[in-house]
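Colleague: whatever this is, show me its structure:
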Amino acid sequence: MARLKLFLPLIIFAALALLFWRGLSLNPQDMPSALLNKPVPEFSLPKVSDGETLVKKSDLPAKPLLMNVWATWCIACRVEHPYLNQLAEQGVPIVGVNLKDDDAEARRWLEKFHNPYLFSVADREGKLALDLGVFGAPETFLVDAEGVIRCKHVGVVDDRVWQTKLQPLYEKLQNQTWGEFSGELSDSLLSRCQ
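Modeller: Purely as a prediction, here's the structure:
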C-alpha cells in the first residue's frame with residue numbers, strides 16, 4: 001500500500017498529461033453548434049454605428065445572410081476582414097456582432113478597414129455571443145431567410161472556407177426553402193456545418 005502512495009502522483013500526472021494531449025489534438029472548427037437548425041436567439045442591442053439605435057432579431061433581412069462575430073482586439077478578425085469586404089462587394093449580406101468591444105474603437109476600425117456589414121450590433125456584455133454558443137472571435141453563422149442558423153464556422157472566413165463550406169449552402173438557400181434544400185443536401189455538404 002505504501003508503494004502505491006509513492007506512485008500515485010505519477011499516475012495522476014500521466015492521466016492529466018493524456019487528457020491534455022487529447023485536448024490539443026481536437027480541432028476547434030469541428031465543434032458542433034447547439035443552435036444548428038434553430039432560430040437565431042432573440043436580441044435587442046445597439047448599433048455600433050451610433051451606440052443608441054436598437055436592433056432586434058426581427059430587423060435581420062428576410063434573406064440568407066452571414067452573421068459574423070468580430071472584435072477590434074481579435075487579431076484573426078483583422079486577417080478575415082478584407083475577405084468579408086470582398087464578399088459584401090459581391091452582394092453577400094453580412095450582419096456583424098461586435099463582441100465585448102469599445103464602440104468608439106469599433107467605429108474607428110470600420111472607418112479604417114471599411115465596413116462590410118449591413119449593420120453591426122454592439123454586444124458589449126457578450127450575451128448574444130453566449131446565446132449563440134460562441135467560443136471566441138471570429139465565428140460566422142450562415143442564417144437562412146427565416147432566421148434559422150444553418151451553418152457555423154469557427155475561425156477566419158477566407159476564400160477556401162467560403163468556396164468549400166459556406167458558398168455552396170448559401171447559394172442553395174438563396175432560391176429554396178429549407179425543406180427543399182435539406183432533401184437535396186449531400187451528407188458531405190451537411191457534415192461541414194456540424
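
Colleague: what about P168, how many neighbours?
Modeller: Residues lying near P168 (other CB atoms under 10 Å) number 16. To be clear about C-beta, it is placed using only N, CA and C from the backbone, and glycine gets the same treatment.

Colleague: A helix includes it, no?
Modeller: Yes - the assignment for P168 by DSSP: H, G, I helix; E, B strand; the rest coil puts it in a helix.

Colleague: need the pLDDT of it.
Modeller: Listed pLDDT for P168 reads 95.

Colleague: and P9, by the same measure?
Modeller: Here the pLDDT value assigned to P9 is 64.

Colleague: with M1 instead?
Modeller: Per-residue confidence at M1 stands at 61 (pLDDT).

Colleague: for H153, same thing?
Modeller: Per-residue pLDDT puts H153 at 96.

Colleague: what's the answer for H114, then?
Modeller: The per-residue pLDDT of H114 was computed as 97.

Colleague: which residue packs closest to it, ignoring adjacent ones?
Modeller: Spatial nearest neighbour of H114, chain neighbours left out: N85 (5.1 Å); criterion: CB to CB, 6 or more residues apart in numbering.

Colleague: which helix or strand contains that neighbour?
Modeller: Using DSSP states H and E, N85 maps to helix 75-89.

Colleague: quick one: that helix to chain centroid distance?
Modeller: Here the centre of helix 75-89 is set off from its chain's centre by 13 Å, with CA atoms, centre = their mean, to the nearest Å.

Colleague: ok, stretch 153-173 next?
Modeller: Centroid separation between stretch 153-173 and its chain, computed with CA atoms, centre = their mean, is 12 Å.
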